[in-house]
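Chemist: Have a look; sequence and predicted model below, questions after that.
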Amino acid sequence: MDKSTPQAIHLKDYAPPPYLIDTVDLAFDLGEDVTRVRSRLAIRANPDAASPAGALVLDGQDMRLVSVALDGRTLDPSEYSVGPESLTIPGPPEAFSLEVVTELKPQENTSLSGLYRTSGNFCTQCEAEGFRKITYFLDRPDVMARYRTTITADALKYPVMLSNGNLVASSKMEGDGRHTVTWEDPFAKPSYLFALVAGVLVHVEDSYVTRSGRTVTLRIYVEPGNQDKCGHAMASLKKSMAWDEEVFGLEYDLDIFMIVAVGDFNMGAMENKGLNVFNTKYVLAKPETATDTDFLGVEAVVAHEYFHNWTGNRVTCRDWFQLSLKEGLTVFRDQEFSSDMHSRPVKRIADVQRLRAAQFPEDSGPMAHPVRPDSYIEINNFYTTTVYEKGAEVVRMIHTLLGADGFRKGMDLYFERHDGQAVTCDDFVAAMEDAAGKDLGQFRRWYSQAGTPELAVTGEYDAAARTYRLTVRQSCPPTPGQPTKLPFHIPLALGLLDPSGADIPLRLAGEPGPAGTSRVLDVTGPEQVFEFVDVPRQPVPSLLRGFSAPVKLRAPYTDDDLTFLMAHDGDAFNRWEAGQTLATRLLLDLVADRAENRPLELSPGFIDAFSRILKDPDLDPAFAAQALTLPSEGYLGQQMPVIDVDGIHEVRTFARRAIAGRLRDDLLATYRAMGGNEPFSIDAAAIGRRALKNLALGYLMALEDAEAVELCVGQFHNAQAMTDVIAALGLLADTRLPQRESALRRFYDLWKDEPLVVDKWFSIQAMSERPETLDEVAALLAHPAFEIRNPNKVYALIGGFAGGNPVRFHDAGGGGYRFLADQVLALNRLNPQVASRMVKMFARWRKYDPRRQSLMRAELERIVATPGLSRDVFEIASKSLE
Ligand code: ZN
């Protein structure tokens, strides 16, 4: 490539900042055309820097520099130099004040990073490197400063003006209709946690008394008209605050905690100190407009951002390679919180499904990277499922290895050592290790080695000796830049079931007596043998209980073993897992049958197992719904050397029909039993009943007989809860029934003024399996409700199609690919972060047949050859082609 090829940044090149900034005093003058920012920085040479301070190089881009003054003296332009991404002051004093004035045009900022406009309001997003689009700064997380922010704007257009910390002054200016506020944040923070919001907003307010007795004001700011959708977010916030006190002893530390919901946001939400900014999707919820999944998402994201106050803000990251320090840990914390609020196994299953659907593919594709990456071109590309979800699995394994008490001690030590600091993943592991007295030396490889390890386990029973020998072999496939791997330290949780299904007490050879019936083995070598003694009968092993490590397990189970585990395993996760393993095996066999033109037949034993789950009155409905869901097309595809898109889709559809045909009466009975007319509730039990009811409806609609259609159409028209409306509409959208169009039309007419509901309408159409879907999606780009500048709309329509509709996106004609590439190029100019999330859908092109491979590669090549490509898109597209 030419000289403009973006360059990679490497962890090994990390050096402490040459200068430190102690205080930041910002004054914003918000205008319709131009916004003026005056920044006053107290700067000094860093005593811990590797070399003498030298020139001061500040980050900055997309701004107009107005003036620079040093210690009160305005500098002549010859005394500094301005590059496209920097401001350099050669040889400043040891300690000095710097005043910089810049001008911005937020109304033209479509990247949604830096200061931008959303629904007429002003809003900022600074993580990872947005602050440098507001003013010149050392825009890196290891530079922590105390901020004071003054905002001046028209009092009518921007009655509400917010920033981090506490409000310390406000005044109305005479004459010109403008007003001013000043906020002060007493905690030093990195620039990525800065936030400013101004506009017409209303708020709901509540308060929380911390366990040390301080009263904290809680406010959720939304656009007028949305106040009635804040109750769930507020309740979730209060639960999160109580949970963090109880489980980790962590209290909130300011007098006010604010959440602002905005309609235009690239990600889910952002943990700015004292002023979280959220995508409306993760705040606004009421039963009529939000599904149960939405409600659970609001609760989890509110908790996640709140938990960041300690894991991320009080202790932050030294550099962006350490991103998982805050994200993996905070995802782990929000997962634990949700488990405690609802059902632990149901939550664990959902999290593992998510990990397998997104992280496993990432870990085996061209973008595979360690939880702590060692290089990047564009940091925004590394807010990945590996850093977040695999990072959380790594923290979870530490929790498993240390136990809850050891883990808590490690957390306490981590805060004791590092409060107020910017640190590394290694500092976190060291605190865990020191507090619990457990060597995590080998365990650290989880941070540095990419790829999903494979664990092959075999068992051998010796009836005469009454021993059971478990042989465990581990390996890890090569990933880009890492051809070979060293063995991981893998916690393998397991139990042994006797023929009645009960757990056998576990004693390893050499141990004095049995130690429980479920235990964690430390797998550290490439091959290890564990010998259990006093085993009275041939057991069936229950391996990797609770999914104790993010690995692929290979074990030579027979179909009967799996059916047995489905029925008896004391570990609920593994009961579910056994069913999924069996279903995967049967479905892949059917895919092979179809490819060989053999007739398709679903094993009656499998259908019987499903029937037992359906009829078990003691089973939690939420769990039953998960157990009765067949592995997704995406997951099945991952198990094949070459993904047979059409075969998988056809076979899965066939299996659903076969199950529905055989179990029709049971499904109808379940539908009716779960359908009660109780008033709406968002508790775990009610969510579970709706899940099982809609699962039953889904199977029945696979038959598309008159009764099923009547139930489905009836539910669409009469249901009060959006969960039920959406379930019915989604099923109708897959059909050619006359009711399809009228339902879609009615839904839009009813909800056209609720953007989040319109997103659902777009994604349902985008995910329809009907052959005309691509044409319809392309036409919807021109629908008045579609807006390519709004990330939620892009994720719903374009993302829904490319990521949620394998059989249509991968249509062998290549139209889906051309469509996606066109949208990536359109988005590249407007919002590189969103464009890059879309181009990732091509990353796994090598997993398809030669025809599809060449079609996808051609689109990637077309993208890479386009002039003006953002760093974001360039990095993903070029690495995908490597
Ligand atoms: Zn986070």
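Modeler: Now that the structure is in, tell me what you want to look at.

Chemist: drop to CA atoms for contacts and neighbour counts, all remaining ones
Modeler: Will do.

Chemist: what residues does the helix or strand where residue 610 lies touch?
Modeler: Secondary structure from DSSP states H and E places residue 610 in helix 604-615. The set of residues external to helix 604-615 that reach it, using C-alpha atoms under 8 Å, 6 or more residues apart in numbering, is 563, 583, 619, 624, 627, 628, 659, 662, 663, 666, 667, 670.

Chemist: go on, stretch 579-592?
Modeler: By C-alpha under 8 Å, 6+ apart, stretch 579-592 touches 559, 562-563, 566, 600-603, 606, 627, 630-631, 636, 644, 647-648, 651-652, 655.

Chemist: Isn't residue 487 up against residue 524?
Modeler: Yes - taking contact to mean C-alpha atoms under 8 Å, the distance of 6.3 Å between residue 487 and residue 524 places them in contact.

Chemist: could the contacts of helix 604-615 go into TSV alongside pLDDT and secondary structure?
Modeler: Formatted as TSV, the entries for those read as follows, by pLDDT from 0 to 100; DSSP: H, G, I helix; E, B strand; the rest coil:
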residue	pLDDT	secondary structure
563	97	helix
583	98	helix
619	96	coil
624	98	helix
627	98	helix
628	98	coil
659	98	helix
662	98	helix
663	98	coil
666	98	helix
667	98	helix
670	97	helix
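
Chemist: most neighbours, which of the residues you listed?
Modeler: residue 667 (25 neighbours; other C-alpha atoms under 10 Å).

Chemist: for the record, mean pLDDT for the helix holding residue 610?
Modeler: Taken as a whole, helix 604-615 has a mean pLDDT of 96.

Chemist: Tabulate the CA atom coordinates of that helix in CSV.
Modeler: C-alpha atoms of helix 604-615 as CSV (Å, rounded to 0.1, in the frame of the first residue of the first chain):
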residue,chain,number,x,y,z
PRO,A,604,-37.8,-40.7,17.6
GLY,A,605,-35.6,-40.9,20.8
PHE,A,606,-34.7,-37.3,20.4
ILE,A,607,-38.3,-36.2,20.0
ASP,A,608,-39.2,-38.3,23.1
ALA,A,609,-36.6,-36.4,25.1
PHE,A,610,-38.1,-33.1,23.9
SER,A,611,-41.5,-34.4,24.9
ARG,A,612,-40.4,-35.2,28.4
ILE,A,613,-39.0,-31.7,28.9
LEU,A,614,-42.2,-30.2,27.6
LYS,A,615,-44.3,-32.3,30.0
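
Chemist: Correct me if wrong: residue 872 contacts residue 834.
Modeler: No - counting by C-alpha under 8 Å, residue 834 is not a contact partner of residue 872; they are 9.1 Å apart.

Chemist: For the stretch 501-650 of the chain, give me the ranges with low pLDDT.
Modeler: Applying pLDDT under 70 to the stretch 501-650 of the chain flags no residue at all.

Chemist: where do the helices sit along it?
Modeler: 559-568, 572-595, 604-615, 621-627, 633-638, 645-662 (DSSP state H, counting those that start in this stretch).

Chemist: Now the helix or strand hosting residue 391: buried residues?
Modeler: Take DSSP H and E as the rule and residue 391 turns out to sit in helix 391-418. Residues of helix 391-418 classed as buried under the neighbour-count rule (16 or more other C-alpha atoms under 10 Å) are 391-402, 406-415, 418.

Chemist: what does stretch 233-244 give?
Modeler: Within stretch 233-244, the residues that qualify as buried by neighbour count (16+ other C-alpha under 10 Å) are 233, 234, 236, 237, 238, 239, 240, 241, 242, 243, 244.

Chemist: Stretch 54-69 now?
Modeler: Along stretch 54-69, the positions that meet the burial threshold by neighbour count (16+ other C-alpha under 10 Å) are 56, 57, 58, 59, 60, 61, 62, 63, 65, 68.

Chemist: Residue 467: neighbour count?
Modeler: Counted with other C-alpha under 10 Å, the burial measure for residue 467 works out to 21 neighbours.

Chemist: show me the contacts for it.
Modeler: Applying C-alpha under 8 Å, 6+ apart to residue 467 gives the contacts 461, 531, 532, 533, 534, 535.

Chemist: ok, residue 163 touching residue 147?
Modeler: No - when contacts are counted by C-alpha under 8 Å, residue 163 is not listed as touching residue 147 (9.7 Å).

Chemist: Give me the more crowded residue out of those two.
Modeler: Neighbours per residue (other C-alpha under 10 Å) separate residue 163 from residue 147, with residue 163 holding more: 28 against 24.

Chemist: Alright, I will stop here.
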